[in-house]
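**Q** just the structure for this:
(chains A and B)
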Amino acid sequence: MDLFPLINSLRVAIISTALTFLIGIWAAHGVTRLPTWLKGALDSVLTLPLVLPPTVVGFFLLKTISPKAPLGAFFLQAFDIKLTMVWYSAVFATTIVSFPLMYRTARGAFEQLDPAWEACAQTMGLGKRFIFWRIKLPNCKAGLLAGTVLAFARALGEYGATTMVTGYIPGRTATIATTVYQLWREGNDRLALQWVLIDLVISLAVLVAINMLELRGGAARARSEA
Amino acid sequence: MLEVRLKKQYAGFMLNVRFQARDEVMALLGASGAGKTMTLKCIAGLVKPDAGYIALDGRVLFDSERHIDIAPQERGVGLLFQNYALFPNMTVRQNLLCGLMHVTARAERNHEVERLLTMFCLQGLADRLPSQLSGGQQQRVALARCLARKPKLLLLDEPFAALDSHLRWQLEQQLLDTLAAFEGTTLYVTHDREETRRLCQRVCVMRGGTALPVMDTHRWYHTPDTQSAALLAGFENVGTACWVTSGYADIPQWGTTWPCTKADVTGVAFRAENACLSAIQKDLAIRCRILRSSEQETICAPLGQMNTLLRALPDSRFAAGDEVWLCVRPENAIWLGREE
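**A** The predicted structure follows:
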């Protein structure tokens, strides 16, 4: 059995999770500091990929990075780099689709922080950087981890947008999700089932991890409130 | 010396504060929603007033006309939050170290922490997390952290609000020691009159966002000069009075006329603790019927004025329904003047 789809899925999910982790935290932290009206507007835009069909995300992506689209054409001419139909095209798709999960969980975690901590730290002479890295981040660790795991799970399972920008090239762009579909279409149910089981095991592990993180976060909150 | 003049407009609320505080403990006293905490936040630099001027020992912290607005980090003002705002991810020692980041030498910083731990009796707790401390211990850590930076001004926002009442008295004694050793101005936000009397030399009463003129605590508590001042000082019985003939004031609500030498009198006030019940008329008296009596006080109404309630000391000799004289010694009846 060729394990390429597993390896490809994992590398795509890991890279896109790393990206959403950074961008999601940055966006969430930025948004919580905005005035209410702007917060609402920006929040809707940033959450959009969560509610849109992934094929719509894929459509917009193709209109941006395909060789005929402006950005894709530019990369092809300037660096001779193709942005679609290669394995890392999936990174663009999964990053966008999983971003809202990281962003929303992180925003919730930031909003649960006691605003007095930041205010108090300021009167103590502590700078923005110290406050962010040493006070805010550590105190929403559980929430950020939960968001990360959730984003990873979503990235791993992404199909619609991924298949539109990568197609299905065995050994080059195939992921678990696209492989299952391809095998089913070919009538190779036995192999498809093997991949389904692999995916089930990974997904279950991820969900158990989320539950454990949430339990730990809840316990910590209960302790600090008691 | 702290000088504060500030204005800030909110939806349906106007903060208008003006006072000066010396090197003393001054109370900012008012009901919740009077703007006390907001005033502290403006002074600490956490909230920007619309207009005003704040100076501490001659150093301008905020001046809307000259566009001066010093960052909270640079103000040298210590603010003790109502919930203490200890950083939950850090131990007591680390929390204190956060207040000492301005000290560059590590050895000196550690030495400072040890000094603070000793000073606030926290030696055994240095490696505990805030969640593992009692309310009183948390307060001590927060106070130590506040003083670590050697602020010139200490802002205390209802420091006892988060504690059980049986803990308060002892902690109050510790706080009094700390405040006595502190060289600088302390603003003490509270809604508790008795706390104010025990801890503060002067009082700035706040009402609906406005700060009233600063008063000496004794004068504020014992000799208010207007009806609203009497209510704020906690006088339970306040009535409207007018001068009738030379030497007398008529108090229609209480159905009585009392001797009075203040010609421009507009009201009169006395405390429940200074009002006793009697079967015979003596001192300044009001003819009343008892409505309710309890272990703590007697509630009665002047005859023919069932809507006016008066509060007096408890007296087991009388019961609800009895007609009695409510008597006040002349020196305990405070005659009030016109509102400013």
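**Q** quick one: residue A:196 and residue A:179 touch, right?
**A** No. Here residue A:196 does not reach residue A:179: they are 10.1 Å apart, not a contact under Cβ atoms under 8 Å. For every residue, glycine as well, the C-beta is placed using N, CA and C.
**Q** now residue B:161, what's its secondary structure?
**A** coil (DSSP: H, G, I helix; E, B strand; the rest coil).
**Q** what number of residues lie near it?
**A** 12 (other Cβ atoms under 10 Å in any protein chain shown).
**Q** so how far is residue B:82 from it?
**A** 5 Å (Cβ to Cβ, to the nearest Å).
**Q** go on, residue B:117?
**A** 24 Å.
**Q** between residue A:196 and residue A:179, which one's more packed in?
**A** Neighbour count, other Cβ under 10 Å: between residue A:196 and residue A:179, residue A:179 has more, with 24 against 15.
**Q** ranges for the helices of the chain?
**A** Looking at chain A here, since you left the chain open. Using DSSP state H, the helices of chain A run over residues A:4-32, A:36-51, A:54-65, A:70-79, A:89-112, A:115-123, A:128-130, A:137-139, A:141-157, A:160-166, A:176-185, A:189-225.
**Q** oops, wrong one, chain B.
**A** B:36-44, B:92-98, B:106-119, B:135-148, B:165-181, B:193-199, B:217-222, B:227-232.
**Q** mind listing what's buried in the fourth one?
**A** What that stands for is helix B:135-148. Using 16 or more other Cβ atoms under 10 Å in any protein chain shown as the burial criterion, the residues of helix B:135-148 that qualify are B:136-148.
**Q** same deal with stretch B:275-291?
**A** For stretch B:275-291, by 16+ other Cβ under 10 Å, it's B:275-277, B:283-290.
**Q** ok, now which ones touch the residue positioned nearest the centre of chain A?
**A** Residue closest to the average C-alpha location in chain A (Cα atoms, centre = their mean): residue A:98, at 3.1 Å. By Cβ atoms under 8 Å, 6 or more residues apart in numbering or on different chains, the contact list for residue A:98 reads A:16-17, A:20, A:150-152, A:154-155, A:158.
**Q** so which residues on the stretch 51-200 of chain B come close to chain A?
**A** Neighbours of chain A within the stretch 51-200 of chain B, by Cβ under 8 Å from any Cβ of the partner chain: B:71-75, B:77-79, B:81-83, B:85, B:87-89, B:98-99, B:101-102, B:130-131, B:145-146, B:148-149.
**Q** narrow those to those that are buried.
**A** B:72-73, B:75, B:77-79, B:81, B:85, B:87-89, B:98-99, B:101, B:130, B:145-146, B:148-149.
**Q** among those, which ones are in strands?
**A** B:77-79 (DSSP state E).
**Q** burial of residue B:220, as a residue count?
**A** Residue B:220 has 25 neighbouring residues, counting by other Cβ under 10 Å.
**Q** show me what contacts residue A:131?
**A** A:118, A:121-122.
**Q** if we use 6 Å, what do you get?
**A** Taking Cβ atoms under 6 Å, 6 or more residues apart in numbering or on different chains as the criterion, residue A:131 is in contact with A:118, A:121.
**Q** in chain A, what helix or strand scores lowest on average pLDDT?
**A** helix A:189-225 (a mean of 80; mean pLDDT, DSSP states H and E).
**Q** for residue 160, which non-adjacent residue is closest in space?
**A** I went with chain A, as the question did not name one. Among residues not flanking residue A:160 along the chain, residue A:54 sits closest, at 3.0 Å (Cβ to Cβ, 6 or more residues apart in numbering or on different chains).
**Q** try chain B instead
**A** residue B:168 (5.0 Å).
**Q** again with residue A:100
**A** Using Cβ to Cβ, 6+ apart, the nearest residue to residue A:100 is residue A:50, at 3.8 Å.
**Q** how about residue B:103?
**A** residue B:109 (4.5 Å).
**Q** counting neighbours, what do you get for the one you found?
**A** Residue B:109: 17 neighbours (other Cβ under 10 Å).
**Q** quick one: residues contacting residue A:119.
**A** residue B:46.
**Q** now stretch B:9-17: average pLDDT?
**A** The pLDDT scores in stretch B:9-17 average 90.
**Q** show me how far that stretch is from its chain's centre.
**A** Offset of stretch B:9-17 from its chain centre (Cα atoms, centre = their mean, to the nearest Å): 20 Å.
**Q** got it, and stretch B:145-164?
**A** For stretch B:145-164 - counting by Cα atoms, centre = their mean - the centre lies 15 Å from the chain centre.
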